[in-house]
Structure formats: C-alpha cells, structure tokens
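K.L.:
When you get a sec, could you give me coordinates for this:
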Amino acid sequence: MTKPIAYIILNFNLPSKVKKLQDAHKEFIDHLKSKKRTSATILAYGKDIEQLIAHLEKEQKVHVHEVTAEDIRNFLTNLEKTGYTTKSLSRKLNATKTFFRFLKIQEYITDDPASLVEHPKFETKPPRILTPTEYRALRDAARDDVRIAAVIEVLLQTGIRIGELANLKVDDVYSGNGREGHLYIAPQENRLERTVPLNKSAESASKRYLEIRPKTTNKALFVTKNGKPLLVRNIRTAIDRFYRKAGIAGAKVNDLRHTWVAHHLSRGTSLLLISKVAGHKRLSTTERYLAIVQPPNGEEKVKLEEL
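P.N.:
Reported below is the predicted structural model:
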C-alpha cells in the first residue's frame, strides 16, 4: 500500500540515524577524549552542551534533528538575560558549533543549525599589562604561600599559558645547574611541543616549592595538599585572591602572560624569539602587542631578561 503524501513530506528531512540529545552528548564527550582534547576543554564543552540540552528539553525537544537555528539563538538570548557576557556567549556558541559539526559527521542530522548562528560582536579590549610595581606587589602578597608564589613566578618569567602550567609534570622541569634551565611544554590539542627557558628566578621558586610539595604518586608538578593535580580553576581562584590582597584591580591570571610579552618587547627582544617561546601559531598574534608597546630603537636582543 502506498504511504500518504503527507507522511512522506514529514519524514523527507529526517536523518538516517535518529539520536537523542542526551545520548549524543555522551558520544560527543567520548569523541573529544579520543581527539586528546585537554581536560579543561572537555569539561567546559561538556557543561556548555549540558546547558543547551537543558534549555532544549524545556522546549520539548529531545532529539538532535529537532533543533533549529532559532532554538540556539533563543538559548543564547536567555543566557544574556541572566548576565552572561558577550565573550562567554561566543565561547558557548563555539562549543555548540563543534557539537553540531560532530552530529553532522555522524549523520545524526542532515543540516547543521548552528552554522546559521553568527557569533555576537564584542570589542576586544587591549591586554592588561602589569606595571613593575604591580607584579612586585603580587609577589609580596603571595610570598608566604610557597606553591602559589612558584606558580606566579613561573607564569610571569616564562609567559606560558595557565593550561600549560596546569599540565606540567615534575619531569618537565629541567634544572640549569648553574646555567639557565628550561621547561618542556607537551603538545596540546593543535599546539606543538616546545621548550621554554627557565630563568634563575623561576627555577629558584620552583625548587623551593618542590622541597615542600606533598608526597604523591601523581606526576603533576603543582598539586593540592591531598596530592591531586592543581586544576586551572584552582590556579585562577588562588591568584585572584592574591591580586585582591595586593590591591591590584582589574587583573586576571592571563595578564601575567601579557605582561611577559610586553616586557620583552619593550626591552627590544626579537619579535620572532618572543613568538616562538610564547607558542604563538602566527607572528601576527605577537605583533598585536606592538599597538600598546613601543620597542626601543637599535639591534634586537636574542636573550630573555628576568622581570
């Protein structure tokens, strides 16, 4: 018997595989793990998609093929009404777009609704550069906390990212034995491995911390009192606390990295060297700092100085 025309029309755009949002979410997380995305990325994307699914379920949508671009826009609008910043909304949209690209590859959807949603526009503020007075005050504020003092010194003296610091292992620290040591930065996601010079100030702070580091089988360099890895959010919270203690307003953890780049540019260090050590994919990323820092005239330096 021939099926009614209405039935055919209603089912014309259905994907070959019908999948529930909750099940797709679990598969998506497994996919991110298989791609060796960082634990921070997996956690953030997981939470973002959980939020999206909770919103969609309130709209009585439980299957991935039922989601429209308008649903995603409404989700972002609701978040904005509850106080989320434009930057946060853009990050959540990134997670959503990655999720729906995965669904299309898996043939759970025929059309990608997230591809029709544009990122909200926001002004990129110039990076916050700490003055010498400020980063010295931060050091003083954290002096009695040997672990966080070492964290601050390593971030400030090497310019590595907070996620890279959280992923450091004890064996990634190479002592210079009188000369300059270095850190080994393992590859992450789409970032290549690299070595970063470890000056005497950062090395001394690291050694002081290793003397009191809790005994644990965990190989992470920075650990909690219970011997578990110090997570990115723990590091942010701790440094924010010491910013407040030092009376430094409007500064974030990432500003230590910005300060490292700006400091070396202002001292005439080679732009190529800064870009390489910072792990910038493109030289243009490093060149952006030239809008706020004026390098001195003369020959470029090929050695990094302590802050």
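K.L.:
How many neighbouring residues does the closest residue to Val170 other than its chain neighbours have?
P.N.:
The spatially closest residue to Val170, leaving aside those adjacent along the chain, is Leu221, at 5.3 Å (Cβ to Cβ, 6 or more residues apart in numbering). Any C-beta I mention is one placed from the backbone N, CA and C, and that applies to glycine too. Leu221: 24 surrounding residues under other Cβ atoms under 10 Å.
K.L.:
Same check on Pro132?
P.N.:
The local packing of Pro132 (other Cβ under 10 Å) involves 10 other residues.
K.L.:
and the nearest residue to it once chain neighbours are set aside, how many residues sit next to it?
P.N.:
Spatial nearest neighbour of Pro132, chain neighbours left out: Leu307 (7.6 Å); criterion: Cβ to Cβ, 6+ apart. Per other Cβ under 10 Å, the neighbour tally for Leu307 reads 21.
K.L.:
Which residue ranges make up each domain of the chain?
P.N.:
15-116, 132-291 (automatic domain parsing).
K.L.:
low pLDDT regions in the stretch 1-150 of the chain?
P.N.:
1-16 (pLDDT under 70).
K.L.:
Tell me the spacing between the residue nearest to Val170 and Ala149.
P.N.:
From Leu221 over to Ala149 the distance is 14 Å, taken as Cβ to Cβ, to the nearest Å.
K.L.:
And His182, by the same measure?
P.N.:
20 Å.
K.L.:
returning to what we had before: what pLDDT is listed against the residue nearest to Pro132?
P.N.:
At Leu307, the predicted lDDT confidence score is 86.
K.L.:
same thing with Arg236?
P.N.:
At Arg236, pLDDT is 95.
K.L.:
host element of it?
P.N.:
For Arg236, the element it lies in under DSSP states H and E is helix 232-246.
K.L.:
what about Leu21, neighbour count?
P.N.:
Neighbours of Leu21 using other Cβ under 10 Å come to 22.
K.L.:
That one contacts Gln51, doesn't it?
P.N.:
No. Leu21 is not in contact with Gln51 according to Cβ atoms under 8 Å; the separation is 12.0 Å.
K.L.:
next one: stretch 37-54 to chain centre, how far?
P.N.:
Relative to the chain's own centre, stretch 37-54 is displaced by 13 Å; criterion: Cα atoms, centre = their mean, to the nearest Å.
K.L.:
if I look at the residue nearest the centre of the chain, how far off is Thr41?
P.N.:
Nearest to the geometric centre of the chain sits Gly163, at 6.0 Å (Cα atoms, centre = their mean). Computed as Cβ to Cβ, the Gly163 to Thr41 distance reads 9 Å.
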